[in-house]
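# Provide a 3D model corresponding to the input given below.
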Amino acid sequence: MRDNTQLELTESSTMVLTENVLNPNGARVTLVGGLVRSLVRFTAGTPPNFEVNTPNAVVSARGTTYDTNYQSGATRPGV
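Next up is the predicted model:
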């Protein structure tokens, strides 16, 4: 991506990428199913510049690496 953020998808994952939604240098990812690893680059002096949406959660970050997993109909007791 423009700010060197990287995305890694596992097989059979589905996502939609919409740029420039949060700010001119940001991006929004909608994870429909599967797993995406986000390696988000830090951009000094800006609000969080990257967002992952699933049907039941939203994650926003600036300068970190994290995984987001969503499976329709799957439950995670205790979480």
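# Which stretches in the chain count as strands?
6-9, 14-19, 27-40, 50-54, 57-61, 64-70 (DSSP state E).
# Any regions of the chain where pLDDT drops low?
19-27, 43, 45-49, 76-79 (pLDDT under 70).
# Within its local environment, how many residues does L39 see?
Using other CB atoms under 10 Å, L39 is surrounded by 15 other residues. (Each C-beta comes from the backbone N, C-alpha and C, glycine too.)
# Report the beta-bridge partner residues of it.
Beta-bridge partners for L39, by DSSP bridges, are Q6, T65.
# How about the contacts made by it?
T5, Q6, L7, E8, T65 (CB atoms under 8 Å, 6 or more residues apart in numbering).
# List just the nearest of those residues to V40.
T5 (5.1 Å; CB to CB).
# can I assume the closest one is in contact with V36?
No: using CB atoms under 8 Å, T5 is not in contact with V36, being 11.6 Å away.
# residue nearest the centroid of this structure?
V52 (3.0 Å; CA atoms, centre = their mean).
# Make sure it is actually in contact with G34.
No: V52 lies out of contact with G34 (CB under 8 Å); the separation is 11.8 Å.
# circling back: list buried members of the contacts of L39 by neighbour count.
Buried members of the contacts of L39, scored by 16 or more other CB atoms under 10 Å, are T5, L7.
# Near V58, how many other residues are there?
Counted with other CB under 10 Å, V58 comes out at 11.
# cool, and S13?
16.
# Dihedrals phi and psi, it?
Backbone torsions of S13, given as degrees, to the nearest 10, read phi -90, psi 150.
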